[in-house]
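[1] Curious how this folds, go ahead:
(2 chains)
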Amino acid sequence: MHMSAVRPASVPRAFLAAAVALFAIVGSSQAQAEEVIVIGHAEITEAYDPAHAFNPTSGMVNRVAYDTLVTFPDADASSIEPLLAASWSISDDGLVYTFTLRDDVAFVSGNPLRAEDVVFSFNRLKNVRAQPSFLADPIDSLEALDERTVAITLVGPRPSFLAELANTAFSVTDAEVVRANGGTDADDAAEADTAMSYLNQNSAGTGAYRLSSWSPQDRTELVRNHDYWGEQPFFDRVIIVNIPEAATQRVALVSGNIDLATDLTPDQVVALEGNDDIGIFLGPGRWTHFLLMNRDADIGGPMADPLVARAVRYALDYQGYRDLWAGSVTPGSNMWIGLAGAFGQDRAMGRDVERARELLAEAGYADGFEVTLQYPDMTFAGVSLSTNAQKIQADLADVGITVRLLPGEVQVALEGYRSGQQGFAYWFWGPDKLDPVDFLEFLPGGKVAGERARWMPEMADDETMAMIERAYQETDDDARLELFTLLQEYAQEHSAFAPFNVPAVQTAFRADIEGYVWHPQWGLDLALLSRSN
Amino acid sequence: MPLYKYVLRRVLFAVPLVLGITVVAFLIANAVPADPINANLPQSALGNERLVAAFREKWGLDQPLHVQYLTYLGNLVQGDMGVSIRTNNPVFDDLRQFLPATVELATVAIFVGLLLGVTFGIVSAVWRNSVVDYAVRVLALIGVSFPVFLLALIGLTVLHAQLGWVAGPGRLGFLLSRPPHVTGLFTVDALLAGQWATFRNAASHLVLPSLVLGLYVSGIIARITRSSLLEVLYTDYIRTARAKGQREHAVVLRHGLSNALIPVVTLLGVLYGNLLAGAVLTEAIFAWPGIGRYAYRAATSQDFPAIMGVSMLIAFIYVVANFIVDVLYFFLDPRIRYV
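    Next comes the predicted model:
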């Protein structure tokens, strides 16, 4: 009786109250709408565990999920900057690096960062014996001197060590969390460590974001680390969807399904110019395309002659390659163009057909010769190697060298290249470490020069070899600059290689996305992105 | 012959077949003149003998070929397909992760293809040499001969990006979260979880890729249906049916089609296998994380356990699909029962 008397009035009132509550919820959720960005990306990683992952996809994700001791500036590799390490010192013999850690950093678990975490992470990297483990080979021992000080002793002087520490493989992980999930940094970590499956789904770092899920070949999700010690990123959530085909990335970007496409080809980007909904980034990338001329006469034939190699460098139409690939530049040597002291386009070689013919005549090939150019049959980062090979063929025809093209299946061609069996070949190289010493690979005593081009130390004069020796040891910045300038000049004269183009990287994004910067180490720094209103 | 005997015979036939496939797949996978070391270790790690030796030992690459094969076979019999060199996961787990996406797409596509193909085939046969027949035959020819990846790209550009009629790449809207995993088929899992919006979204993402693959399948089916139905329509029992005064649609559909479909059923087994194994390009273009992509990546990195795993899986699916077809024959074609 009582109930029925109440009901007529209370039902509309309850309804009203519910409606108000609902609007309140909707209203508030709109006011604090989650900021989400969707990245279209051709995923190539097999892991996100920093000790196992070694590729662009994991570099991009771990860049924001973890921090390293030191890092590079946002857009280049011209200097070393502090990150988790507030400061550091190097012993006079160049063997002991002592880092002092920041005191305001915590992991996503809430655990504070300690020197012990650094020791654990680097030992684990070394001992799991996975793809990036070689990076830890220069380390002899690690010691936590106190809670915030860690000393790293190297097996030998290594001027590039700080640059190498900026690699995401040296991400500092939360030792307690990793151990709790099966991780170990002991000598038998290769067999005993089982933390990878955890770290592939969850990050245990100090970064601006936290890895929240990964479905391989499908999607990766990152969420904001609210307790991040540095500046908070703009986006609450980052969704990286795997779109292997560049053409599909383009469609998804144009139709607004994704905010940014990481893998568009140069021609696609050109086609997007003029589209008001799309913003474009175009700048020189990290790959130097070059010709290899084997110094072993049994393999290289005429190409083994240093005069011929020099003639080839004069014969190439460098401007022509720049016209072919929008945004590309001509390098002045095999030292990656973005490193301190590298010869850029202003110090690059230019085409001089007459000079090339003179050099060929001097070498005894006034009537030219025939040679086979081997290269992998592929399109890499939007650049068709076949297109370039055809241009090389045409360029060299102008100086009397008849080139037969021999494209090969990538893995098969790679085998011939790595075993030094190719006489005349076209390949490309990205620096393993973003430090000038990477260039020493292309000089006598270096791996690429020796193993692939058979350009041996005994073929160079003593003075040059002494310079190369010093370049491997020197840590003083000014002295290094002078050394590497001389070595690049030497290479322009005597090298067994002809670097001819550094193609552009290109990225397209929705016009409201801001803050895109390309970096040679991690590609894209997700924490720098924002959306304008 | 009773059914059980028939089935048993088919199963026994399959055993040497599967064994033969392991040998062939193993030899081909190993005949590639490239070293998995090069494909799976970074350039800069190749000079490190400790890492290279550890890699060889870990993956048994230091053993002679026949030892590697026998080890593989022994493990396989116990249900162990090995661990992928590339992903470090058991191959079985990888396959279980990637197969559902492909199965979902291939299954819908084969139904689309069957529906379109049989319809086209009937229309073509009944109105033989008419304008309709020619139109359908041209369409079927396009379906068969037009590159699937191109059709896929055109579909995405025109139907999705420009007209907005169908959903874009991926299995699900990029902002949606996945339905709770039960079968791995998003449509089924969404239904099981009662997530209608997710179901609708997943279904809408199936439309374009299944249409593209279905069109290819329908071209083949239409041609077979047409020729087979034409043959049947001139047999004595069809004339008898007509003479009895049956309506034409009953003659064609009930008497004609049920017999004309026998070669189509044969074809279905092969086509379904093709869809599962050969959708690499389609999967790449539609950003469909399926077994085709997995196989491609396994092959390009000489991931032997994964290559073997995919080969075995595809072979197994072919064997099962054709086994089902054989069993269907038992019911469709009475002659088998009396052999």
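[2] The single nearest residue of the stretch 351-500 of chain A relative to chain B sits in which helix or strand?
    Of all residues in the stretch 351-500 of chain A, the one sitting closest to chain B is A:Gln411 (3.9 Å; CB to the nearest CB). Yep, even glycine has a C-beta here, placed from its N, CA and C like the rest. Per DSSP states H and E, A:Gln411 falls inside helix A:410-418.
[3] Average pLDDT for that helix, rounded please.
    The average pLDDT within helix A:410-418 is 88.
[4] Could you do stretch B:168-181 as well?
    91.
[5] And that stretch, end to end?
    23 Å (CA to CA, to the nearest Å).
[6] Could you check it against chain A for contacts?
    Yes. Stretch B:168-181 lies within reach of chain A by CB under 8 Å from any CB of the partner chain, at B:168-171, B:174-175, B:178.
[7] Can you tell me which of the residues you listed has the most neighbours?
    Most neighbours among these, by other CB atoms under 10 Å in any protein chain shown: B:Pro169, with 30 neighbours.
[8] contacting residues around the nearest residue to it once chain neighbours are set aside?
    Closest residue in space to B:Pro169, ignoring its immediate chain neighbours: B:Ala287 at 4.1 Å, by CB to CB, 6 or more residues apart in numbering or on different chains. Residues near B:Ala287 by CB atoms under 8 Å, 6 or more residues apart in numbering or on different chains: A:241-245, A:248, A:252, B:169-170.
[9] Could you rerun that using 10 Å?
    By CB atoms under 10 Å, 6 or more residues apart in numbering or on different chains, the residues touching B:Ala287 are A:40, A:42-43, A:217-219, A:241-245, A:248-249, A:252, A:257-258, B:156, B:168-171, B:174, B:205, B:209, B:293.
[10] coming back round to it: following element in sequence after the helix holding A:Gln411, please.
    Where DSSP H and E defines the elements, the next helix or strand beyond helix A:410-418 is strand A:424-429.
[11] And the average pLDDT for that following strand is what?
    Averaging pLDDT along strand A:424-429 gives 97.
[12] For stretch A:233-246, measure first residue to last.
    Stretch A:233-246 has an end-to-end distance of 28 Å (criterion: CA to CA).
[13] any bit of that stretch sitting next to chain B?
    Yes. Using CB under 10 Å from any CB of the partner chain, stretch A:233-246 reaches chain B at A:237, A:239-245.
[14] and B:Val320, how many neighbours?
    14.
[15] buried set for the helix or strand it falls within?
    In the assignment (DSSP H and E), B:Val320 maps to helix B:304-332. Neighbour counts over helix B:304-332 (16 or more other CB atoms under 10 Å in any protein chain shown) mark B:304-315, B:317-319, B:321-323, B:325-326, B:328-330, B:332 as buried.
[16] And for stretch B:198-213?
    Neighbour-count burial for stretch B:198-213 flags B:198-199, B:201-203, B:205-213 (criterion: 16+ other CB under 10 Å).
[17] list the contacts for residue 196?
    No chain was given, so I picked chain A. With contact taken as CB under 10 Å, 6+ apart, A:Met196 is in contact with A:46-49, A:51-53, A:128, A:130, A:181-183, B:88-89.
[18] Not quite, go with chain B.
    B:Ala190.
[19] Can you give me the distance of it to chain A?
    Distance, B:Trp196 to chain A, by CB to the nearest CB, to the nearest Å: 20 Å.
[20] Need phi/psi at that residue.
    Phi and psi for B:Trp196, reported as degrees, to the nearest 10, are phi -70, psi -40.
[21] Same check on A:Thr220?
    Residue torsions, per degrees, to the nearest 10, at A:Thr220 are phi -130, psi 140.
[22] How about A:Ala85?
    phi -90, psi 120.
[23] partner residues bridging it?
    Using DSSP bridges, the bridge partners assigned to A:Ala85 are A:Leu101.
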